[in-house]
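**Q** What would the 3D arrangement of this be:
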Amino acid sequence: MIRTLTAIVLRPTPFQEGGLIVSFLTEHGERLVGLAKGAKKPTAKWVSSFEPLSLVTVSFFGKEHVELRRITRCELQHSPLILGHLESNLVVACLADLFDRLAKEGLEDDRLFRLLSACARALKQTPERAMAILAYAEHWLLHCLGLLPHPRLCGRCGREDTPLVLFSEEHGWCCSACTPVDPEEALPAGAKEHLRLLRTLPAEEAPEPDATEAARAITLLLRERLLRELGGARSYDVLFKLLI
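**A** Coordinates of the predicted model:
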């Protein structure tokens, strides 16, 4: 049986005899893996189609429940990679790593595909804002995982007119009215406003992660929470080593 889908390339892994095992995020938000025989050979017509975050039309051959299907066709529609732009390309690797580990085979969540598509388009349009786009994706991935409650209301007392001072895994966002916190450990002023921007702006207009003290604190907090959930990510180690 041949199945043709629109998908985003996540991770290409070298395989025997010049082949690649490639994971994809499909248009339905499901992770699928296929074998592209001979894809790394110089004469392969589709070698450029398997770069991370490339949007492709891909055809799989194999039974529905087979773990590894054979890729029979892969046509490139769009790639966010930009020659010579280190920061943007490192963020591409981080995003591919995150979605490859969070998307599941047999479990569809089209929010993941919409999010990754939006981030890939934004990276192509504004590669100089790569770190803002990464922080935007981290925020929404935590939301998709159900690990990030809405910041409008305090998770403890329900108030919405007071500043946020703490993020608790038990209660969510907590405010100054009900949560005593050492001022040096509290979230900086403007945390709620930065979270509002993350929730309301599109990927291409994502707020800069270091624009304010609150933005820096929220970015670090959410990134640490996501990486803790994943048990770390090697692509981030490379990013931190080269850029941060």
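**Q** Check which helix or strand the most centrally placed residue in the chain maps to.
**A** Against the mean C-alpha coordinate of the chain, by C-alpha atoms, centre = their mean, the closest residue is L95 at 4.1 Å. Using DSSP states H and E, L95 maps to helix 86-102.
**Q** for the longest strand along the chain, the distance to its chain's centre please.
**A** For the chain, the strand that runs over the most residues, judged by DSSP state E, is strand 2-15. Here the centre of mass of C-alpha atoms in strand 2-15, compared against the chain's by C-alpha atoms, centre = their mean, to the nearest Å, lies 17 Å away.
**Q** Specify the residue ranges that define each domain of this structure.
**A** 1-79, 128-242 (automatic domain parsing).
**Q** okay, now L153: neighbour count?
**A** 14 (other C-beta atoms under 10 Å). Where C-beta positions appear, they are placed from N, C-alpha and C, glycine not excepted.
**Q** Against T200, how distant is the nearest residue to it once chain neighbours are set aside?
**A** Distances taken as C-beta to C-beta, 6 or more residues apart in numbering place E160 nearest to L153, at 5.1 Å, with adjacent residues excluded. Using C-beta to C-beta, to the nearest Å, E160 is found at 16 Å from T200.
**Q** Those two: who's more crowded?
**A** Neighbour count, other C-beta under 10 Å: between E160 and T200, E160 has more, with 12 against 8.
**Q** in which helix or strand would I find the more buried one?
**A** Using DSSP H and E, E160 sits in no helix or strand.
**Q** ok, it to F24 distance?
**A** Counting by C-beta to C-beta, the gap from E160 to F24 is 41 Å.
**Q** Kindly report the same for A135.
**A** Counting by C-beta to C-beta - A135 and F24 are separated by 25 Å.
**Q** Comparing those two, which residue is more hemmed in?
**A** More neighbours surround F24 than the other of A135 and F24, with 28 against 23 (other C-beta under 10 Å).
**Q** so who does that one touch?
**A** With contact set as C-beta atoms under 8 Å, 6 or more residues apart in numbering, F24 has these partners: L5, A7, I8, V9, L10, R31, L32, V33, G34, V56, V58.
**Q** Contact partners for the third one?
**A** If a contact means C-beta under 8 Å, 6+ apart, then I8 has F24, L25, L53, S54, L55, V56, F99, F113, L116, S117, A120 as its contacts.
**Q** SS state for the first one?
**A** Recorded secondary structure, F24: strand (DSSP: H, G, I helix; E, B strand; the rest coil).
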